[in-house]
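# what's the 3D shape of this:
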Amino acid sequence: MDKDQKNKNIYTCPMHPEIMQDKPGDCLKCGMHLEAKVVSAETEENNKEERILSHKFWIGLTLTIPVFILALGEMIPALGLNIIMPSGISRWPQLIFTTPVVLWSGSIFFLKAWKSVLNKSLNMFTLIAMGVGVAYGFSAIAVLFPDIFPESLKKHGQIGLYFEAASVITVLVLLGQLLEAKARNRTGRAIKALLGLAAKQAHRIRNGREEDVAIDNIQKGDLLRVRPGEKVPLDGVIIEGKSTIDESMISGEPVPVIKKEGDGVIGATVNQTGTFLMRTEKIGSETILAQIVRMVADAQRSRAPIQKLADQVSGYFVPSVLICAVISFVLWSIFGPSPALAYALVSAISVLIIACPCALGLATPMSVMVGVGKGAQSGVLIKNAQALQKAEKVTHLLIDKTGTLTAGIPQVTAIITAKDWDEQMLLSMAASIEQNSEHPLARAVIDCAKERGAKFSSVEGFQSVTGGGVKGKINARTVLLGKQKFIENSGINLPEELKKKADDFQEKACTITWVAVDRQIAGILAISDPIKKTTPDAIFRLHKMGLKIIMLTGDNEKTAKAIAKELGIDEVYAGLEPKAKQEIVKKFKSQGASVMVAGDGINDAPALAEAEVGVAMGTGTDVAIESAGITLVKGDLNGIVKALRLSRAVMRNIRQNLFFAFIYNILGIPIAAGALYPVFGLLLNPMIAGAAMSFSSVSVIGNSLRLRNLKL
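Numbers count the residues shown, from 1 in each chain. As a prediction, the model looks like this:
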């Protein structure tokens, strides 16, 4: 595969994602401009579309103004404009000015309408082209060949013209299309800004020498040096040095994060104070930034289930409108006042124009696009619109404990010493022997010893007892470390006072590690996975939003219940395997609950996939993230609060948009057909119909853009 083929983009329709092709163009179903599936800093198709529409709009508007003024003189003689240019003469300038407006500025509508006919998929451009085409064609023939019309159609010896309707409608529809293009570009601007911020070069260390290379040439495992003020080139791990890094572009948090040896770093974030050496672990599409861009782009182009309503209505709507226009024309031709044919033509054109379903088609995609973009800026990544819609109805939140409610990093929270021992001595013995252990809790002891400056000693005769503990000799002294049963089985007596304190800590969700030296208890270490600082407030707010919260964990029941009690969680299921978590989700769903599951590990993936809405912590595994419909960049529960607020706001916005779309059509079509004429003598001018149609689209676009100001 050559480079051009590899980099070839796919273009798809925001309203009909099943329409895809390998070059820019228009949707075969609705006529909308296709967008690139892969957003990049260099993507120019949408910008090009916006420039073309802007050019056509401003030229069209410039030519339409004199046409409108001349038509106004004929409609309102009191203005005295006929004195400047009599009606018989003004017809020719109207034809001359209107022709480029309709045939050049409006050519895109006729082209899309023709494609809709060829593809047997009538859409809003079908109605626009018919309405504008009939208005312009009738008027042009009336100017060029006035004698072919019967006298019954003439008023004061002349045929009524609709050049102003054709030109004004064309300009108004162009304005709606231009605003839509600007709105679509705006939704992708944050993504393009992130891509543009990515580093272009890196300092690679190879064979002891430093060289500057392009990011595209970096491979996994390459060692890169990052200096103060530079961007982190790619995702990786610090292997030497430490620094503070501004990760606000990813997490949204303005406070720099301290990074040291062994910590992960994210590409495109900004290094601040120190120099460090990092090992590259992810490149290209694997990086967090690339994944975020892909997820957001896919979500913006996905369709919510509510979109089916708009699609179904649109499928019947266009043919129905055409029938209404024909019926209106026939009835006015038969029963209308003189000149009946002129009235029939006006009503038919007005029906075609005002009924244009462009606002109906925009109602859902615009809200989804803006909402997904807003979520991305706030650290809430929506994989698809379906997850966004379903999140609104969530009643039960099922949460994993480790890494979701808690930090997922065990820490020594208390050190209790026996008689004749101090904390530093105890910690030194414990950390020294734990250096040789692979147990997850060993790292907590070692980190605590390093932080407190405890001395490390060499260990002889190290042994690990599976499910019990470890033992060895330090300076000829026998050291045992592990569970209570392991110490007791070794024939060592446990002081009652320490046993009582150990029980108290276990009630607080701590794991107790006993330390014995030369067959005497030296003390205990209480190790726990601390609750994230953000968790209690998030649980409170989720309860306030009406959700029932259930903990699902593989941890022991005692620890799980202690944490649940502290946080006010409604139910607890402990000691679970991945399959059991999935079965619990199924159980709640069978009871009629709408279930959201939040987790961060591989063991959570089945439950995440089973739930109506799966939420993965961005700090978790790739499997969990791929199984979820929503990913939280920061990985704390406040992100779920934001996701639920966003979902409710977007769905409320979509319903408002559908109201705007339906209300204009429901009220507009009867008025355009002449329903008010028998009572009020009012017949809608096609120009007013065009303005009303465009205003419905503008209402939908403007209402959708309000989501950008949503406070999450």
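# So which residues of the stretch 401-550 of the chain form helices?
Using DSSP state H, counting those that start in this stretch, the helices found in the stretch 401-550 of the chain span residues 423-434, 440-451, 484-489, 496-507, 535-544.
# Let me see the mean pLDDT of the shortest one.
Put plainly, it is helix 484-489. Average pLDDT, helix 484-489: 88.
# Please name whichever of the helices of the stretch 401-550 of the chain is nearest to Lys586.
Closest to Lys586 of the helices of the stretch 401-550 of the chain is helix 535-544 (Cβ to Cβ; 22.2 Å). Yep, even glycine has a C-beta here, placed from its N, CA and C like the rest.
# before we move on, the earlier item: between the helices of the stretch 401-550 of the chain, which gets nearest to Gln21?
Gln21 lies closest to helix 535-544 among the helices of the stretch 401-550 of the chain, at 43.6 Å (Cβ to Cβ).
# circling back: now tabulate the helices of the stretch 401-550 of the chain in TSV and tack on distance to Val330 and mean neighbour count.
Listed next are the helices of the stretch 401-550 of the chain as TSV, based on distance: least, Cβ to Cβ, whole Å; neighbours: other Cβ atoms under 10 Å:
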stretch	distance to Val330	mean neighbour count
helix 423-434	92	22
helix 440-451	81	18
helix 484-489	94	16
helix 496-507	85	14
helix 535-544	60	17
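# JSON lines please, covering these and showing distance to Asn217.
Below are the helices of the stretch 401-550 of the chain laid out as JSON lines (distance: least, Cβ to Cβ, whole Å):
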{"stretch": "helix 423-434", "distance to Asn217": "42"}
{"stretch": "helix 440-451", "distance to Asn217": "35"}
{"stretch": "helix 484-489", "distance to Asn217": "53"}
{"stretch": "helix 496-507", "distance to Asn217": "53"}
{"stretch": "helix 535-544", "distance to Asn217": "43"}
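# Select, out of those helices, the one closest to Cys27.
Among the helices of the stretch 401-550 of the chain, helix 535-544 comes nearest to Cys27, with 39.9 Å by Cβ to Cβ.
# Tell me which of the helices of the stretch 401-550 of the chain sits nearest to Leu118.
Of these, the one closest to Leu118 (Cβ to Cβ) turns out to be helix 535-544, at 52.3 Å.
# So which residues make contact with that closest one?
By Cβ atoms under 8 Å, 6 or more residues apart in numbering, the residues outside helix 535-544 that reach it are 397, 405-406, 549, 567-569, 636-638, 640-641, 644.
# Which of those residues fall within strands?
If you go by DSSP state E, those have 397, 549 in strands.
# and the contacts of helix 535-544, which are buried?
397, 405-406, 549, 567, 569, 636-638, 640-641, 644 (16 or more other Cβ atoms under 10 Å).
# can you tell me which two in those are farthest apart?
Across the buried ones among the contacts of helix 535-544, the longest distance by Cβ to Cβ is 21.5 Å; it joins Thr406 and Leu644.
# Check the contacts of helix 535-544 against Met369 and report the nearest one.
Nearest member of the contacts of helix 535-544 to Met369, counting by Cβ to Cβ, is Leu644, at 19.6 Å.
# Can you tell me how far that closest one is from Val615?
If you measure Leu644 against Val615 using Cβ to Cβ, to the nearest Å, the figure is 10 Å.
# And for Glu496?
Glu496 is 46 Å from Val615, by Cβ to Cβ.
# Check Ala574 too.
For Ala574 relative to Val615 (Cβ to Cβ), the value is 21 Å.
# out of these two, which sits in the more crowded spot?
Neighbours were counted for Ala574 and for Val615 using other Cβ atoms under 10 Å; Val615 has more, 31 against 17.
# Average pLDDT for the strand or helix carrying the more buried one, rounded please.
Assigned by DSSP states H and E, Val615 belongs to strand 613-617. If you average the pLDDT over strand 613-617, you get 82.
# Kindly report the same for stretch 351-366.
Here the average pLDDT along stretch 351-366 is 69.
# next SSE after the longest helix along the chain?
Counting by DSSP state H, the longest helix found in the chain is helix 638-673. In the C-terminal direction, the helix or strand that comes right after helix 638-673 (DSSP H and E) is helix 677-680.
# thinking again about what came up before, tell me which of the helices of the stretch 401-550 of the chain lies nearest to Phe163.
helix 535-544 (59.3 Å).
# between the closest one and helix 638-673, how big is the angle?
In terms of direction (axes from the mean of the first three to the mean of the last three Cα atoms, to 10 degrees), helix 535-544 departs from helix 638-673 by 30 degrees.
# Quick one: mean pLDDT over helix 535-544.
Rounded mean pLDDT across helix 535-544 is 92.
# and Phe695, which of the helices of the stretch 401-550 of the chain is closest to it?
Of all the helices of the stretch 401-550 of the chain, helix 535-544 sits nearest to Phe695, with 38.5 Å by Cβ to Cβ.
# now could you export just the CA positions of the closest one as PDB?
Coordinates of each C-alpha in helix 535-544 appear next as PDB, following Å, rounded to 0.1, in the frame of the first residue of the first chain:
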ATOM      1  CA  THR A 535     -15.500  10.600  45.300                       C
ATOM      2  CA  PRO A 536     -17.600  11.700  48.400                       C
ATOM      3  CA  ASP A 537     -18.900  14.900  46.700                       C
ATOM      4  CA  ALA A 538     -19.500  13.100  43.400                       C
ATOM      5  CA  ILE A 539     -21.600  10.400  45.200                       C
ATOM      6  CA  PHE A 540     -23.600  13.100  47.000                       C
ATOM      7  CA  ARG A 541     -24.400  14.800  43.700                       C
ATOM      8  CA  LEU A 542     -25.300  11.600  41.900                       C
ATOM      9  CA  HIS A 543     -27.700  10.800  44.700                       C
ATOM     10  CA  LYS A 544     -29.200  14.200  44.300                       C
END
